[in-house]
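> Starting from these lines, generate the structure:
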Amino acid sequence: MEKFISESASDTVRIGESFAKRLKSDDAVLYKGEMGAGKTYFTKGIAKAFGITEEVTSPTFALINEYYGEVNIFHFDLFRITGFDDLYGIGFFDYFDRNGVLCIEWSENVPDIADYFDTAYEVEIIKIGEERREIVINNSKRKEIC
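Below you'll find the predicted structure:
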């Protein structure tokens with residue numbers, strides 16, 4: 001487990017950019033954090049690290065935003081998703097073969113979602129002040145299926 005303190009949105013972008021150095025295609029970033037915590041700012045940092053110059057925005061109403069760079073990013077918002085049936089309905093599993101990093105906001109809405117990835121990073125962003133955030137990163141490997 002790693003912990004970082006962000007004092008501003010630009011700090012959160014910088015922490016996301018540094019974190020992206022460990023990511024590879026087909027990894028997942030599973031976000032937890034309340035509305036406005038900074039999940040999209042963290043994704044902006046990942047995009048910056050991958051040479052993406054397009055404006056990164058919240059996928060709240062689109063459900064998914066796609067960004068193409070040195071490594072592609074598929075940015076999901078699962079706020080209104082209640083389970084795996086909904087994931088199938090939005091074509092979520094089609095992105096597993098698209099060679100990119102899946103950045104997934106509100107991942108807690110789908111229990112055990114980490115089990116579908118060889119490598120998933122759980123990134124929790126906790127508001128501890130108006131601009132101040134604690135960012136906690138855990139690496140989660142897929143469970144072995146016997």
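> just checking, D77 touches T60?
Yes - with contact taken as Cβ atoms under 8 Å, D77 and T60 are classed as touching, separated by 5.1 Å. C-beta here means a position set from N, CA and C on the backbone, and glycine is covered the same way.
> So for those two, which residue has more residues nearby?
D77 (22 against 14; other Cβ atoms under 10 Å).
> Run through the residues that contact that one.
Listed by Cβ atoms under 8 Å, 6 or more residues apart in numbering, the contact partners of D77 are S58, P59, T60, A62, L63, I64, E105, W106.
> now the last one: how far from V123?
Right, W106. Distance, W106 to V123, by Cβ to Cβ, to the nearest Å: 12 Å.
> what's the answer for the first one, then?
When distance is defined by Cβ to Cβ, S58 is 15 Å away from V123.
> of these two, who's got more company?
Taking S58 and V123 together and counting by other Cβ under 10 Å, V123 has the greater number of neighbours (27 against 17).
> Extract the C-alpha set from the helix or strand containing the more buried one and format it as PDB.
Counting by DSSP states H and E, the element that carries V123 is strand 119-127. Once non-C-alpha atoms are left out, strand 119-127 reads as follows in PDB (Å, rounded to 0.1, in the frame of the first residue of the first chain):
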ATOM      1  CA  THR A 119      -3.300  -6.500 -12.600                       C
ATOM      2  CA  ALA A 120      -5.600  -4.100 -11.000                       C
ATOM      3  CA  TYR A 121      -4.700  -1.100  -8.900                       C
ATOM      4  CA  GLU A 122      -7.200   0.100  -6.300                       C
ATOM      5  CA  VAL A 123      -6.900   3.900  -6.000                       C
ATOM      6  CA  GLU A 124      -8.900   5.500  -3.200                       C
ATOM      7  CA  ILE A 125      -9.000   9.300  -3.100                       C
ATOM      8  CA  ILE A 126     -10.200  10.700   0.300                       C
ATOM      9  CA  LYS A 127     -11.100  14.300   0.800                       C
END
